[in-house]
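Visitor: fold the stuff below for me.
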Amino acid sequence: GIVTEWTHPFTEAGRTLQLIGDDQLRAPITGSRLREAVAVLIDNALMHGGGTCTVSVRTVRPGGDREPLVCVEIADEGDGVSDELAPHIFDRGFSGAGSTGVGLALARALIEADGGRLELQRRRPALFAVFLGAPTATRQANGVVGEPR
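Guide: So this is what the prediction gives:
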C-alpha cells in the first residue's frame, strides 16, 4: 500500500512512518487520486516535518443527519507550518522550502475532484486531514488507503 512504499525513505532518514486505524475503509474516490494526494502529504511530512509520521484512517460523524465520512489524517512531530505560511500552503505555485509549490495545491485538487476536502487541521505540529464521502462497499472505483498499486 501507499504507506509501505514510503517506509524505506523514512527509515533512511532515521524516522518512523506508521499506519493506524482501519486501512480497509472504503470511500467514493478514485484510487489513483487518493494515492497521489496521500503521497504528496507523506512526502511533505518527510521533507519538512520531523519525528514519527502517522497516517490514520477512521470514520468521523459530522453530526446531524449527515452520513459519516472517511477521514485520513497525516501528522508528524516536526516544527509544523508557520503562521506566515499557513494561509498560502494550498496556493498553486507557492513554495515554503524551494520545492515546486505544486504539491499541496495538486493534492487538494485531486481530493476535491471526487467531492472530498483537504484541510490543514493543526499547524504545530502539522496535521493534514482528508475528508471523503460516506463509506460505501458498492462502487467499484473505490480508493482504499491500504491497497497495493
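
Visitor: so how far is Thr16 from the residue nearest the centre of the chain?
Guide: When Cα atoms, centre = their mean is applied to the chain, the residue found nearest the centroid is Val38 (4.1 Å). Using Cβ to Cβ, to the nearest Å, Val38 is found at 17 Å from Thr16. Placement of C-beta: from N, CA and C, glycine included.

Visitor: any idea how far Ser32 is from the nearest residue to Leu41 once chain neighbours are set aside?
Guide: Nearest residue to Leu41, sequence neighbours excluded (Cβ to Cβ, 6 or more residues apart in numbering): Ile74, at 4.2 Å. Going from Ile74 to Ser32 by Cβ to Cβ gives 18 Å.

Visitor: the more surrounded of the two?
Guide: Shown here are Ile74 and Ser32; by other Cβ atoms under 10 Å, Ile74 has more neighbours (25 against 12).

Visitor: where are the low-confidence patches of this structure?
Guide: Scanning the chain for pLDDT under 70 picks out 95-102, 135-149.

Visitor: strands along that one, start to end?
Guide: Shown for the chain, the strands assigned by DSSP state E span residues 17-21, 26-27, 53-60, 69-75, 117-122, 127-132, 143-144.

Visitor: need those strands in TSV with distance to Phe90, can you?
Guide: Output for the strands of the chain, formatted as TSV (distance: least, Cβ to Cβ, whole Å):
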stretch	distance to Phe90
strand 17-21	23
strand 26-27	21
strand 53-60	20
strand 69-75	14
strand 117-122	8
strand 127-132	10
strand 143-144	21
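
Visitor: for Ile129, give me its contacts.
Guide: I think there's a mix-up here, since residue 129 is Ala and not Ile. For Ala129, the contact set (Cβ atoms under 8 Å, 6 or more residues apart in numbering) comprises 71-74, 118-119, 121.

Visitor: actually, Pro68.
Guide: 59-62, 134-135.
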